[in-house]
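**Student:** Structure, please.
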Amino acid sequence: MAPLVPSRLPKKSMSLRILIAEDEALIAMEVEDALIEAGYEVVAVVNRASDALAKAEALRPDLCVMDIRLLDGSSLEAAGAILRGGVPVVLASGHGGGEAAAAVGTRHWLHKPYRRADLVRAVKAAAAQAATATRAETGAS
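**Tutor:** So this is what the prediction gives:
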């Protein structure tokens, strides 16, 4: 009998669809692996802000994890547009980021290097905040 291998499929209870925007290939792979391991579905991994915008529009992910600096420069404008489109964004940076995150409208950011647990915690917090905002807008409780 073959050894048991953990499923790489998202768990039903946490099937958020996540877009990753990261220009460092090894970090992108680590983020993708951590999110899949936590039970999320990664819908795309891109390395340019322009591609993040296009994928966010085409795929309508539930959340985006985005590095502040991508191959085509700063991703802050793209992050703001994605947020305005109703998709929560978790920003990541090795150069601070809290002020930049606040400037585009998100409280969720990670300082590189970060641990998998910090990534998952930020994703959960951003998703919970978005769900609360949606309930408030619709009047649901």
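**Student:** okay, and the helix or strand of this protein with the least pLDDT?
**Tutor:** For the chain, using mean pLDDT, DSSP states H and E, the weakest element among its helices and strands is helix 98-104, scoring a mean of 78.
**Student:** hmm, who's touching that helix?
**Tutor:** With contact meaning Cβ atoms under 8 Å, 6 or more residues apart in numbering, helix 98-104 is reached by 68, 76, 79, 80, 83, 89, 91, 93, 107, 108, 109. For the C-beta atoms, the positions are set from N, CA and C on the backbone; glycine is no exception.
**Student:** Okay, buried residues for that helix please.
**Tutor:** In terms of neighbour count (16 or more other Cβ atoms under 10 Å), helix 98-104 has its buried residues at 100, 101, 104.
**Student:** what's the single longest helix in the chain?
**Tutor:** helix 116-138 (DSSP state H).
**Student:** quick one: buried residues of that one?
**Tutor:** Neighbour count says helix 116-138 has 119, 120, 121, 122, 123, 124, 126, 127, 130 buried, by 16+ other Cβ under 10 Å.
**Student:** before we move on, back to that, which member of the buried residues of helix 98-104 is positioned nearest residue 46?
**Tutor:** residue 104 (17.7 Å; Cβ to Cβ).
**Student:** Report the two of the contacts of helix 98-104 separated the most.
**Tutor:** Maximum pairwise distance among the contacts of helix 98-104 (Cβ to Cβ): 16.1 Å, between 83 and 93.
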